[in-house]
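1. sequence first, predicted model second:
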Amino acid sequence: MQTITRSLPENVYRCPQSSSESAGKPTHDFAEQSNFPPLLDIIPARFRDDLSKMTKLSDDELWTMARRTADEKLQSRLRRLLRKNKLGKLTDREQEALEEALAPVDLLTLQKAYAFLLLKRRGHRIPTLAELESGSMSFDHVRADP
């Protein structure tokens with residue numbers, strides 16, 4: 001093996017450093033890989049704190065987060081408002097209600113995606129979209145590389 005020393009900007013180094021800390025492994029193990037989790041700098045500011053805390057979660061906690069769904073009442077409300085919005089028939093008050101209802105769903109969507117990303121980064125097999133939609137894959141904690 002050949003050793004190469006390279007200086008990295010702080011924002012590039014933070015990602016493998018954060019991943020290595022949460023996994024309890026040396027930073028160079030993560031720096032060698034090209035698929036580290038995205039830098040939170042590209043995530044809207046209002047979501048960064050919630051997502052940054054996820055790097056410290058255990059695998060079990062991430063699986064739990066990946067399985068979460070929006071409350072049925074909220075989903076129903078959103079469907080109704082989105083149908084009216086599509087028809088161009090939302091009142092100003094309903095427009096505000098739609099924006100208010102979308103905020104927790106946006107956060108949940110980002111949390112689920114980030115949970116899957118972190119789990120994949122930690123060596124777990126992540127279900128395909130087809131498996132998620134069909135419900136054919138259980139969320140067993142199976143590592144991709146036993």
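-> Alright, I've got the coordinates. What you see is a predicted model, and the numbers here were worked out from it, not measured in a lab.

2. for Met54, see how far away Ile43 is.
-> Distance, Ile43 to Met54, using CB to CB, to the nearest Å: 11 Å. The C-beta positions use only the backbone N, C-alpha and C, and glycine is treated the same way.

3. which stretches of the chain have low pLDDT?
-> 1-24, 27-39, 136-146 (pLDDT under 70).

4. show me where it has helices.
-> Assigned by DSSP state H, the chain shows helices spanning 10-23, 27-31, 45-54, 59-67, 72-86, 92-121, 129-134.

5. in a markdown table: the ones you listed, plus mean neighbour count.
-> Formatted as a markdown table, the helices of the chain follow (neighbours: other CB atoms under 10 Å):
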| stretch | mean neighbour count |
| --- | --- |
| helix 10-23 | 16 |
| helix 27-31 | 15 |
| helix 45-54 | 14 |
| helix 59-67 | 15 |
| helix 72-86 | 13 |
| helix 92-121 | 15 |
| helix 129-134 | 10 |
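
6. quick one: residues contacting the nearest residue to Leu82 once chain neighbours are set aside.
-> Once flanking residues are discounted, Leu82 sits nearest to Leu98: 7.2 Å by CB to CB, 6 or more residues apart in numbering. Residues in contact with Leu98 (CB atoms under 8 Å, 6 or more residues apart in numbering) are Leu78, Leu81, Leu82, Asn85, Leu90.

7. now Ile43: how far from Glu131?
-> Ile43 is 26 Å from Glu131, by CB to CB.

8. next: Lys56.
-> Lys56 is 28 Å from Glu131, by CB to CB.

9. swap in Ala45?
-> 33 Å.

10. you'd agree Leu62 is up against Lys112?
-> No - with contact defined as CB atoms under 8 Å, Leu62 and Lys112 do not form a contacting pair (9.9 Å).
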